[in-house]
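**Student:** My questions concern the predicted model and sequence given below.
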Amino acid sequence: MIEVWGRRSSINVQKVLWALGETGQPFERHAAGGQFGGLDDKAFLKMNPNGLVPVMKDGTVTLFESNTMMRYLARKYGKDNIRPRGQKPWALADQWTDWTATTLNPPMFTILFDTVRATPEQKNPAAVKEAERKAGDLFKIANRAIGRKPWLTGRHFNYADIALGVYFWRYMAFDIAKRPKLPNLDRWLEQIKERDAFKQWGLVPVGNSPEEWTANEKALG
């Protein structure tokens with residue numbers, strides 16, 4: 001059975017759990033990281049010397065890096081669910097998945113940290129305002145990319161939709177004063193909300209304060 005280590009409040013863990021849910025593969029999750037600890041244990045560091053979640057083990061294959069895990073699941077278990085269908089959709093799926101990690105993640109992390117992790121002394125309203133502006137501009141890029149297509153890379157859902165979906169869900173959940181109009185993303189998100197795997201693993205409460213974040217993390221495990 002596939003095993004996953006991580007807490008459900010982690011955006012990277014959510015991606016892997018959602019991808020697993022789409023494939024229908026049975027798996028076992030072990031709460032780790034955050035208030036659950038365990039990342040300094042020798043056994044965990046043997047799986048991921050970086051001391052970070054998620055970690056996934058499938059038989060003799062042990063992986064860290066959530067996007068790598070999604071690609072692995074797509075290749076091995078992804079027929080007609082999260083695997084891109086054709087070379088062009090596969091290339092576009094890799095492009096957008098990497099884009100979320102390298103380009104979209106930095107401003108989103110700034111918003112998340114200030115909203116649910118920062119102490120009063122650590123809060124930086126100016127940095128958050130700039131991050132909100134940057135995130136809005138980036139989601140406008142994704143909005144144009146989807147256009148009239150049903151999914152990010154074309155006619156079929158794949159792991160790129162998961163990679164973008166976890167970020168857009170959080171973006172819409174945060175108390176952000178001003179958002180651009182994103183009609184294509186709004187339509188796309190409504191489709192995502194109908195997916196059983198998203199309902200189970202992606203539809204995670206975020207909160208808008210450290211207290212809400214901690215309570216949600218504890219409840220989710």
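**Tutor:** Received the coordinates, thanks. Numbers count the residues shown, from 1 in each chain.
**Student:** what's the spacing between Ile141 and Asn184?
**Tutor:** 11 Å (C-beta to C-beta, to the nearest Å). (Each C-beta comes from the backbone N, C-alpha and C, glycine too.)
**Student:** Those two: which has the busier surroundings?
**Tutor:** Ranked by neighbour count (other C-beta atoms under 10 Å), Ile141 and Asn184 place Asn184 first, with 18 against 11.
**Student:** ok, and what's touching the longest helix anywhere in the chain?
**Tutor:** Ranked by residue count, the top helix of the chain under DSSP state H comes out as helix 125-146. Residues from elsewhere that reach helix 125-146 (C-beta atoms under 8 Å, 6 or more residues apart in numbering): 96, 103-104, 106-108, 110-111, 114-115, 152, 164, 168, 171, 176-180, 182-185, 188.
**Student:** Show the contacting residues for Leu189.
**Tutor:** Contact partners of Leu189, counting by C-beta under 8 Å, 6+ apart, are Gly165, Phe168, Trp169, Met172.
**Student:** which SSE is it in?
**Tutor:** Assigned by DSSP states H and E, Leu189 belongs to helix 183-193.
**Student:** Same check on Glu3?
**Tutor:** Assigned by DSSP H and E, Glu3 falls within strand 2-5.
**Student:** Export the helix or strand just after that strand to CSV, keeping only CA atoms.
**Tutor:** Scanning forward in sequence from strand 2-5 by DSSP H and E, the next helix or strand is helix 11-23. Taking C-alpha atoms only, helix 11-23 is exported to CSV below (Å, rounded to 0.1, in the frame of the first residue of the first chain):
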residue,chain,number,x,y,z
ILE,A,11,-0.6,22.6,0.4
ASN,A,12,2.0,20.2,-0.9
VAL,A,13,0.5,17.3,1.0
GLN,A,14,-2.9,18.3,-0.3
LYS,A,15,-1.7,18.0,-3.9
VAL,A,16,-0.5,14.4,-3.3
LEU,A,17,-3.6,13.3,-1.5
TRP,A,18,-5.9,14.8,-4.1
ALA,A,19,-3.9,13.1,-6.9
LEU,A,20,-4.0,9.8,-5.1
GLY,A,21,-7.8,10.2,-4.6
GLU,A,22,-8.2,10.8,-8.4
THR,A,23,-6.3,7.6,-9.2
